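Asks: pasting a predicted model and its sequence here:
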Amino acid sequence: MGKDITERVILEAKYLVEHGGTVRALSPIFKVSKSTVHYDLTRRLKKIDLSLFKEVKKILKINMDNRHIRGGLATQKKYKNMAKK
């Protein structure tokens, strides 16, 4: 793994721990796809920094547990906007 990839993975992980958010929110910040961010945080980070990986894993678990709620809120917002028009 290259030095630049390793640095990006650590920056992504630290940003997620400090600011929270989702993989989808991180991707435009680091200018990579959400698939790349997910791979970085779930596979590469484990090989680089195990303690940071454990922190990130907790946040990703919370995001996974709450995603159905965010989806429902997005649908609710969509139909409210459609009703206004």
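Replies: Received, thanks. Numbering: from 1, shown residues only.
Asks: just the buried positions in the longest helix seen in the chain, please.
Replies: The longest helix of the chain (DSSP state H) is helix 50-84. Buried residues in helix 50-84, counted by 16 or more other Cβ atoms under 10 Å: L52, F53, V56, I59, L60, N63. From N, CA and C alone the C-beta is placed, and that goes for glycine too.
Asks: so what's the gap between that helix and the chain middle?
Replies: 10 Å (Cα atoms, centre = their mean, to the nearest Å).
Asks: could I get the phi/psi values of the residue nearest to the spatial centre of the chain?
Replies: The residue lying closest to the centre of the chain (Cα atoms, centre = their mean) is V23, at 1.9 Å. V23 has phi and psi values of phi -60, psi -40 when expressed as degrees, to the nearest 10.
Asks: wait, it sits on Y39?
Replies: No: if you go by Cβ atoms under 8 Å, V23 and Y39 don't touch, sitting 9.8 Å apart.
Asks: P28 and K84, how far apart?
Replies: 28 Å (Cβ to Cβ, to the nearest Å).
Asks: can you read off the pLDDT for N81?
Replies: For N81, the pLDDT comes out at 88.
Asks: residue contacts, it?
Replies: Residues near N81 by Cβ atoms under 8 Å, 6 or more residues apart in numbering: none.
Asks: repeat for K58
Replies: Per Cβ under 8 Å, 6+ apart, neighbours of K58: none.
Asks: all numbers from here: first residue = 36
Replies: In the new count, where the first residue is 36, that last one comes out as K93.
Asks: buried set for the strand or helix carrying I45?
Replies: According to DSSP states H and E, I45 maps onto helix 38-54. By neighbour count on 16+ other Cβ under 10 Å, the buried set for helix 38-54 is T41, R43, V44, I45, E47, A48, L51.
Asks: before we move on, what about stretch 57-77?
Replies: T57, V58, L61, S62, T71, V72, D75, L76.
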